[in-house]
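# Okay, predicted coordinates and the sequence, questions at the end:
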Amino acid sequence: MKQDDLKIMGLYGDGLISIDEPELVRRYNDCLRDIGLSITRKRKFHIDCMGWSPELANIFGEYYLRKGEANPFAIIITPKQRYSPIYRPSHSFEWALMKSWFDANLAQITEVTKYSGIWLDIDQEVESYQEPTDLLMVDDVIVRAKTPSNFMRKVKSQNQLIEKFMQETDVFALSNIGEEIVESAKEIGDMRNKHAVIDDFHFADICTFYTRAFGGTFVFCRAQSVSNGDEYYVLNKNTAKRAQGVNSVIDRRILSKLEDMGLISYDLEWWKSQFYRLKIIRDSFLFDVLDDVFPDMNFLELNTARQKGIIQQITELLPVEYFELKRIIHMLEKDKTPADISHRILPFFAHPSVDVECSAAEVIWHALAL
């Protein structure tokens with residue numbers, strides 16, 4: 001399916017902010033230039049919460065707003081970006097990070113963007129990732145807001161001059177300070193009583209997360225007592241030997257490790273309200289066979305009678321897991337708890353533990369879905 005088709009269906013592009021005024025384009029380019037990135041000649045494009053643009057990504061590359069996987073940046077042109085999605089996050093915690101940053105600085109963002117664009121240096125205090133275990137150093141992020149024209153630095157300077165003026169008693173000094181204040185006001189306006197300075201923002205809500213580094217890597221954490229510290233586990237899906245020597249997330253050694261850390265469980269009662277997830281897993285076995293036997297068929301467009309007929313034709317090709325899942329789903333829908341589950345399908349019943357935070361649960365689901 002093409003990107004244009006996805007846009008028509010509302011599955012792509014929703015929530016993006018249009019940058020279509022010359023002044024806004026100029027401010028965006030000023031930020032790109034200040035970061036050290038290539039500027040655009042486009043007169044109109046769209047951006048997400050972090051300032052990433054699909055149109056510019058087609059020109060500069062998908063991850064043009066970063067310098068290496070450990071150094072992402074963001075560009076803020078309007079406070080409206082607060083309500084936009086993030087289309088290409090480098091790390092899963094960037095959703096919570098950006099929300100927290102906007103919530104903490106909305107008044108300042110609104111004021112500063114009247115005069116200038118803002119770019120964010122999202123500093124993980126790690127210059128580069130050499131191997132997956134380097135991700136364990138990512139436990140605190142500092143978001144430093146910058147303005148290409150040094151607008152915020154000039155606002156600080158004006159405020160300092162005003163404070164100095166209020167405290168000075170020497171008439172000659174007052175005259176000199178007054179002249180400096182007037183010159184500052186001519187350049188950036190009267191910034192008295194305006195919230196136009198964004199301080200460095202610390203974000204420490206980082207424990208379990210997913211990153212695109214090394215082709216896709218998970219960092220799982222179980223918080224323990226202060227004396228024992230935290231227990232971490234790194235899983236890299238493309239370089240398995242460097243990540244505990246396992247082959248895939250469905251590997252029992254991974255599931256056992258996550259279970260030992262209290263991150264996942266196999267509670268069948270939990271699945272009574274979530275059996276639709278199992279239906280997706282069940283149907284994946286079906287569609288694997290359909291893709292091989294009837295590659296040009298749109299199975300979902302068939303009526304139920306025809307679907308049943310097709311399934312009858314391929315019954316002997318369907319794996320045992322398909323029928324086991326079908327039987328258990330039927331029991332769960334009837335509010336019954338299966339007495340036993342075979343070892344073949346037990347891994348599919350792993351789910352995030354109920355006491356795991358939502359942000360961590362999303363990462364765990366991502367891993368389990370591989």
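Cool, got the structure.
# drop to CA atoms for contacts and neighbour counts, all remaining ones
Fine.
# For the stretch 201-350 of the chain, just list every one of the strands.
201-203, 209-211, 217-223, 230-236, 264-265 (DSSP state E, counting those that start in this stretch).
# Show me how far the shortest one is from its chain's centre.
Which is strand 264-265. Strand 264-265 has its C-alpha centroid displaced from the chain centroid by 23 Å (C-alpha atoms, centre = their mean, to the nearest Å).
# following the helix or strand bottoming out on mean pLDDT in the chain, which helix or strand comes up?
Counting by mean pLDDT, DSSP states H and E, the chain has its least confident helix or strand at helix 3-8, which shows a mean of 56. Using DSSP states H and E, the helix or strand that directly follows helix 3-8 along the chain is strand 17-19.
# Give me the mean pLDDT for the very next helix or strand once past that next one.
Per DSSP H and E, the first helix or strand lying C-terminal to strand 17-19 is helix 22-35. Averaged over helix 22-35, pLDDT sits at 96.
# Counting by contacts, list what helix 22-35 packs against.
Contact analysis of helix 22-35 by 3 or more C-alpha pairs under 8 Å, 6 or more residues apart in numbering; DSSP states H and E lists strand 118-123 as its packing neighbours.
# Following the chain past the strand it packs on, name the next helix or strand.
Counting by DSSP H and E, what follows strand 118-123 is strand 141-146.
# Report the beta-bridge partners for residue 231.
Here residue 231 shows beta-bridge partners residue 222, assigned using DSSP bridges.
# Next one, pLDDT for it please.
71.
# neighbours around it, how many?
Neighbourhood size, residue 231 [other C-alpha atoms under 10 Å]: 11.
# quick revisit: please identify the most buried of the strands of the stretch 201-350 of the chain.
Among the strands of the stretch 201-350 of the chain, ranked by average contacts under mean count of other C-alpha atoms under 10 Å, first place goes to strand 209-211 (a mean of 23).
# what's next to stretch 43-56, contact-wise?
For stretch 43-56, the surrounding residues in contact (C-alpha atoms under 8 Å, 6 or more residues apart in numbering) are 15-22, 25, 40, 62, 65, 73-77, 81-88, 98.
# how far does it stretch from start to finish?
Distance across stretch 43-56, first residue to last, is 11 Å (C-alpha to C-alpha, to the nearest Å).
# buried ones in that stretch?
Using 16 or more other C-alpha atoms under 10 Å as the test for burial, stretch 43-56 gives 45-54, 56.
# again, but for stretch 120-134
120-124, 129, 132-133.
# Which single one of these is nearest to residue 297?
residue 132 (41.6 Å; C-alpha to C-alpha).
# Nearest to residue 285, out of the strands of the stretch 201-350 of the chain?
Of all the strands of the stretch 201-350 of the chain, strand 264-265 comes closest under C-alpha to C-alpha, at 23.3 Å.
# Please narrow the buried residues of stretch 43-56 to those residing in strands.
45-47 (DSSP state E).
# any chance of these in CSV, plus distance to residue 335?
Formatted as CSV, those follow (distance: C-alpha to C-alpha, whole Å):
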residue, distance to residue 335
45, 51
46, 48
47, 46
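# got CSV for those, with pLDDT too?
Supplementary listing: those in CSV, determined by pLDDT from 0 to 100:
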residue, pLDDT
45, 96
46, 96
47, 97
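# which among those residues gets closest to residue 348?
For these, the nearest to residue 348 is residue 47 (37.6 Å; C-alpha to C-alpha).
# Quickly note the distance from the closest one to residue 83.
Residue 47 is 12 Å from residue 83, by C-alpha to C-alpha.
# Do a quick rundown of the helices in this structure.
Using DSSP state H, the helices of the chain run over 3-8, 22-35, 54-60, 94-112, 151-167, 171-188, 252-260, 275-293, 304-313, 320-333, 358-368.
# re earlier: worst mean pLDDT among the strands of the stretch 201-350 of the chain?
Across these, strand 230-236 gives the lowest mean pLDDT, at a mean of 72.
# just to revisit the earlier point, which one of the ones in strands among the buried residues of stretch 43-56 is nearest residue 35?
residue 47 (16.9 Å).
# Beta-bridge partners for the closest one, please?
Under the criterion used (DSSP bridges), residue 47 bridges to residue 17.
# In CSV, list the buried residues of stretch 120-134 along with pLDDT.
Output for these, formatted as CSV (pLDDT from 0 to 100):
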residue, pLDDT
120, 97
121, 96
122, 96
123, 95
124, 92
129, 90
132, 81
133, 81
